[in-house]
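Novice: requesting a structural model of the entry that follows:
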Amino acid sequence: AFLLGYMMSLLFGVETVTGAGPYVHAFTIPPINATMSPTTLYIEETADQHFKMLDMCASALSLSVPERGSVTAALDMVGTGRWTPGNFGTALPALVPADYLLGSDVQISIAPPAVVFTGTTATGSAAITAASSIIGLVAGMPITGAGIPALSTIVSAVGTTVTVSAVATATAVGVTLTASAAVNFVGRQKSLSIKVDRQAKPFQSSGDGLYSASVASGVTKFAIDFTIAANATDEVNTQFESQTPLAITIQTNPLLPYGFGFTFPAAFVKANKLGNVEDKVMWGLAFDETSCLQVGATPAIGAFVIND
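Specialist: Residues are numbered from 1 along each chain as shown. I've put the predicted structure just below:
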């Protein structure tokens with residue numbers, strides 16, 4: 001998680017740290033093009049070949065989460081062209097034992113927008129009648145409203161009747177009810193890949209000489225692709241066909257002392273491919289910067305890392 005956090009800090013550009021150990025590092029991308037943060041790479045090719053590459057900046061980050069095995073990250077970097085021969089100057093720090101994050105540690109949750117409707121409740125009945133609409137209502141969604149007991153969920157929604165898991169405690173007409181829930185696909189994702197590309201390039205102006213003075217970002221692009229096992233309940237295809245904005249969270253198990261995550265507050269499914277893997281029906285979903293929107297002050301893509 002520490003190494004991934006360092007990669008993200010170089011790539012995203014804006015970092016906010018909270019906590020007192022473990023720390024939460026939240027990353028966002030500036031809304032305008034900016035000068036990328038530089039670092040120095042030290043390389044030893046052989047015992048006799050030591051050199052430092054100066055002013056190296058992150059250009060793109062690719063993250064791969066397999067069904068089995070370790071999460072891997074690759075960082076593409078670009079520099080100004082400056083480099084110097086010679087060793088590091090001081091002893092290199094000792095390597096510490098690596099803590100690997102596994103693909104099974106990563107969870108995907110998708111939350112459709114809240115469904116607000118009106119209906120008629122009756123004391124002692126689990127049926128909400130005269131529902132104004134049942135579009136977007138699926139079994140298992142938590143439901144709240146006047147006269148509906150806490151922790152109630154939807155059992156079924158047919159015609160103008162919504163049946164819930166607990167009986168109403170009041171009788172009323174035109175009650176405003178709200179149903180919404182994130183679907184967690186833990187254990188059902190087969191593959192996941194995320195790529196964020198700042199399209200960074202060396203920036204050279206008159207008088208810079210042989211080397212560029214800095215590395216500037218371009219128009220940020222990103223892509224998310226993941227495959228999940230289908231369920232008996234239609235959880236994604238209707239959202240794709242109706243072009244419903246979804247709040248997507250990709251993160252490691254919250255019980256882990258360290259981890260990472262990505263958030264997309266309003267993502268429209270750009271492509272949804274039906275497939276078959278090991279005799280199991282799969283959905284292949286794709287999103288990118290053209291189908292993900294900013295919501296208020298919340299950027300279209302955000303990321304965080306938790307470490308000590």
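Novice: how near is residue 157 to residue 176?
Specialist: As defined by C-beta to C-beta, to the nearest Å, residue 157 lies at a distance of 16 Å from residue 176. The C-beta positions use only the backbone N, C-alpha and C, and glycine is treated the same way.
Novice: what about the nearest residue to residue 177 once chain neighbours are set aside, how many neighbours?
Specialist: Leaving aside its sequence neighbours, residue 177 sits nearest to residue 145 (C-beta to C-beta, 6 or more residues apart in numbering; 3.7 Å). Counted by other C-beta atoms under 10 Å, the residues lying close to residue 145 total 21.
Novice: ditto for the one 5 residues further on
Specialist: Around residue 150 there are 7 other residues, counting by other C-beta under 10 Å.
Novice: sec struct for it, please.
Specialist: Here residue 150 is coil, with the state taken from DSSP: H, G, I helix; E, B strand; the rest coil.
Novice: any chance you could map the helices in the stretch 101-250 of the chain?
Specialist: For the stretch 101-250 of the chain, the helices defined by DSSP state H, counting those that start in this stretch cover 237-241.
Novice: name the nearest residue to residue 146, ignoring sequence neighbours.
Specialist: Closest to residue 146 by C-beta to C-beta, 6+ apart is residue 175, at 5.3 Å.
Novice: relative to the lengthiest strand in the chain, what are the paired strands and their orientations?
Specialist: Across the chain, the longest stretch assigned as strand under DSSP state E is strand 49-66. Within its sheet, strand 49-66 is paired with strand 38-46 (antiparallel), strand 72-78 (antiparallel), strand 83-85 (antiparallel), strand 189-197 (antiparallel), according to DSSP bridges.
Novice: any weak-confidence spans in the protein?
Specialist: The chain contains residues with pLDDT under 70 at 113, 232-235.
Novice: centroid residue for it?
Specialist: For the chain, the residue nearest the mean C-alpha position is residue 262 (2.7 Å; C-alpha atoms, centre = their mean).
Novice: tell me if that residue really is in a strand.
Specialist: Yes - with three-state DSSP as the criterion, residue 262 is part of a strand.
Novice: tell me the contacts of the residue nearest to it when sequence neighbours are not counted?
Specialist: Using C-beta to C-beta, 6+ apart and skipping the chain neighbours, the partner closest in space to residue 262 is residue 250 (4.6 Å). Residue 250 is in contact with 106-108, 192, 194, 224, 226, 261-263, counting by C-beta atoms under 8 Å, 6 or more residues apart in numbering.
Novice: then residue 142?
Specialist: Going by C-beta under 8 Å, 6+ apart, the list of residues near residue 142 reads 151-154, 179-181.
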